[in-house]
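> Would you be able to build a 3D model of this:
(2 chains)
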There are 2 protein chains.
Amino acid sequence: MNRGSVFMIDQNRLPFEFRIAECRNHLETCRAIRDMTVRGAGAIGAAAGFAMAQVFLEADRTGDKYGIDNGRRLIENTRPTARDLFYAVEQVYRAGQESVRHALDKAQQIATDNIREAEGIGRHGSTLIRDNMKILTHCNAGWLGFVDWGSALAPVYFSKRNGKEVYVFVDETRPRGQGARLTAWELSHEGIPHAIIPDNAAAYFMSRGEIDLVIVGADRVAANGDVANKIGTLGKALAAREYKIPFYVAAPLSTFDPACASGLDIPIEYRDPDEVLYQTGLKEGGGLERILVCNPGSSALNPAFDVTPAPLISGIITGQGIIPATPEAVMKYLEPSSA
Amino acid sequence: MNRGSVFMIDQNRLPFEFRIAECRNHLETCRAIRDMTVRGAGAIGAAAGFAMAQVFLEADRTGDKYGIDNGRRLIENTRPTARDLFYAVEQVYRAGQESVRHALDKAQQIATDNIREAEGIGRHGSTLIRDNMKILTHCNAGWLGFVDWGSALAPVYFSKRNGKEVYVFVDETRPRGQGARLTAWELSHEGIPHAIIPDNAAAYFMSRGEIDLVIVGADRVAANGDVANKIGTLGKALAAREYKIPFYVAAPLSTFDPACASGLDIPIEYRDPDEVLYQTGLKEGGGLERILVCNPGSSALNPAFDVTPAPLISGIITGQGIIPATPEAVMKYLEPSSA
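Reported below is the predicted structural model:
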């Protein structure tokens, strides 16, 4: 954040164009969260925190105190499933009761905490990774989706930097292709060998013994250990259990939601059917083009997340260590930090 | 088949353009099978039978008897997994030992048998469908994939024509989108309400109780009841078992392969990674465009089929009735017909 503006990598244009987007006020930041210019649990949280700080800054300039609660509501309505968003908004809102300075500091602190915790996730998660392992990941929970490092990919990056060879199967992650576009782009930049696979192929490769470990991120962890994550995670978890492949979720503290008793309490975002019906990509001659890839006139349903029940999860990799996906472990994990 | 040419709907251009492709000789028919101008178990079988008949016709014209076995090998190398192809080639090859006329008649008979059997599949399969059921299907096993009616969709069409209301969840079926393009197009033409869903969303809708029944087609049924079908079928079958949703496979006799003891004996076709990396569709201004939808420079893996183990299958819908997916039932089903 700089002179009232929030800056972020425009993830809608990656991997085809690298552009920094500037959001000059909280309305622009809200739009960036909604249209997924910024996406990924941690990055959404950081952006939402800065948006809340922008609200205080703008209210201070205009003297419109009523704008604060309206602004908060607007931010909270951008993405209903992402827990990090509500966490960050709540923290910055509270700090803002003190002063605008406090709000700005808190927003910055959330971003900094995110980096520190992702490092912990990388360190703890890497203990699961042996040399030459083949790892499946879904969606993008790398450094694009966070402030740095990422969640699901942090253990992969940590292992790589410590000399382990890893190979990553990257789920394409339809409809928006975060795996094919963002995770593959990150892995290329990190020099990590990988292959993009259709989401449909994950169970096949598991059934053939080609995948040793699955690590995914999370958008919300319920008090009982159920996890909401990108649509398609549930299917991979069911296949992993069938073929006895360890299935881990990586999540920082800010993704846990003790107010959700179970996954059934997590609201599931439905997004525009056009995300399924159309695809955007690079034309042969260069430049981005949007094309219809479905039968003209047919409609689509586009739930953005699903819930993986705790019993399917081998463990949750946090910044403090790997914990079982059980109510007791989640409770214990949350207690000291929430004090 | 007419004056030595095989005619088929160009399925690569659907649903954006309706065009009939003409294959003037067996080489052109082989290319059409390989590049999926014609696709779907039954339609591949019919095309392969006609291609074999073309080989006999061409050998007769040129007097090149050696061309016959070469031609057969060429046809058999187009698609390794599809059992109907090998079945049709074998039948027409044998008939051709008699005369070219016999080969042509046999190829025509295979196409006719396909229609008759699909009607049986529709009639028997429709006993599974109650009024207002919500049915999930994967890939396209409708009339495009067969000579008429189809396999997995035949029970749906039969139910609809008999006054039952049905709603179909159509798996997009990446990477080639046969669900989003072909099944959705067929259902639109039949006036059947449906929604395209990302393959990733199938388990979600099952977990929420929104799907009553799953019906898919098959590319090869092994002697023990294991079924090879379009990549992604295995994942849906695992999810269906988890949520106690009946999972049926529809397949004509020509899809059964008694020579494969189990699914492990079925060869799995790997196709060009470009099918994953690129997408073709309709530009806003009209006309087809091919765009890159993945990270430039990343590679992809593209297995075209997976194997669903028999225990996950509630039953196999054949032209003669619904049989359990067990070695005994498959054996009994094949005995009278193969006599």
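> Point me to the residue of the stretch 51-200 of chain A nearest chain B.
Evaluated by C-beta to the nearest C-beta, the stretch 51-200 of chain A has A:Asn200 as its residue closest to chain B, separated by 2.9 Å. In this view, the C-beta of every residue, glycine as well, is placed from N, C-alpha and C.
> With the flanking residues excluded, which residue is spatially nearest to that residue?
B:Gly232 (2.9 Å; C-beta to C-beta, 6 or more residues apart in numbering or on different chains).
> and the one you found, how many residues sit next to it?
30 (other C-beta atoms under 10 Å in any protein chain shown).
> what sits against A:Glu275?
A:Pro175, A:Arg176, A:Asn302 (C-beta atoms under 8 Å, 6 or more residues apart in numbering or on different chains).
> Which helix or which strand is home to it?
A:Glu275 belongs to helix A:274-277 when assigned by DSSP states H and E.
> Same question for A:Ala203.
Under the assignment here (DSSP H and E), A:Ala203 is part of helix A:202-207.
> in its sheet, what does the helix or strand that comes right after that helix sit against?
Where DSSP H and E defines the elements, the next helix or strand beyond helix A:202-207 is strand A:213-216. Strand A:213-216 sits in its sheet next to strand A:133-137 (parallel), strand A:247-250 (parallel), going by DSSP bridges.
> can you list contacts of the shortest one?
The set of residues that contact strand A:247-250 without belonging to it, under C-beta under 8 Å, 6+ apart, is A:121, A:125, A:128, A:141, A:151-152, A:154-155, A:213-218, A:221, A:227, A:229, A:236-237, A:240-241, A:308, A:312-318, A:322, A:325.
> List of residues touching the very next helix or strand once past it?
Next along the chain after strand A:247-250, taking DSSP H and E as the criterion, comes strand A:256-257. Contact with strand A:256-257 is made by A:Arg83, A:Phe86, A:Arg220, A:Val221, A:Ala222, A:Ala223, A:Ile266, A:Val330, A:Tyr333, A:Leu334, as judged by C-beta under 8 Å, 6+ apart.
> and the residue nearest to A:Asp84 when sequence neighbours are not counted, how far is that from chain B?
Nearest in space to A:Asp84, with sequence neighbours left out and distances taken as C-beta to C-beta, 6+ apart, is A:Gly45 at 2.9 Å. Distance check for A:Gly45 against chain B: by C-beta to the nearest C-beta, to the nearest Å, it reads 23 Å.
> doesn't A:Asp113 make contact with A:Gly45?
No: taking contacts as C-beta atoms under 8 Å, A:Gly45 lies outside contact range of A:Asp113: 9.6 Å.
> so what sits against both of the two?
A:Ser254.
> Who has more neighbours out of the two?
A:Gly45 (28 against 19).
> Need the single longest helix in chain A, by residues.
Assignment by DSSP state H gives helix A:100-125 as the longest helix of chain A.
> Tell me how far that one lies from the chain's centre.
15 Å (C-alpha atoms, centre = their mean, to the nearest Å).
> Name the residues of it that are buried.
Going by neighbour count (16 or more other C-beta atoms under 10 Å in any protein chain shown), the buried part of helix A:100-125 is A:100, A:102-104, A:106-108, A:110-111, A:113-114, A:117-118, A:120-125.
> What is it packed up against?
helix A:41-62, helix A:83-96, helix A:154-161, strand A:247-250, strand A:315-318, strand A:321-323 (3 or more C-beta pairs under 8 Å, 6 or more residues apart in numbering or on different chains; DSSP states H and E).
> and those as JSON lines, adding mean pLDDT?
Output for those, formatted as JSON lines (pLDDT from 0 to 100):
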{"stretch": "helix A:41-62", "mean pLDDT": "96"}
{"stretch": "helix A:83-96", "mean pLDDT": "97"}
{"stretch": "helix A:154-161", "mean pLDDT": "96"}
{"stretch": "strand A:247-250", "mean pLDDT": "98"}
{"stretch": "strand A:315-318", "mean pLDDT": "98"}
{"stretch": "strand A:321-323", "mean pLDDT": "98"}
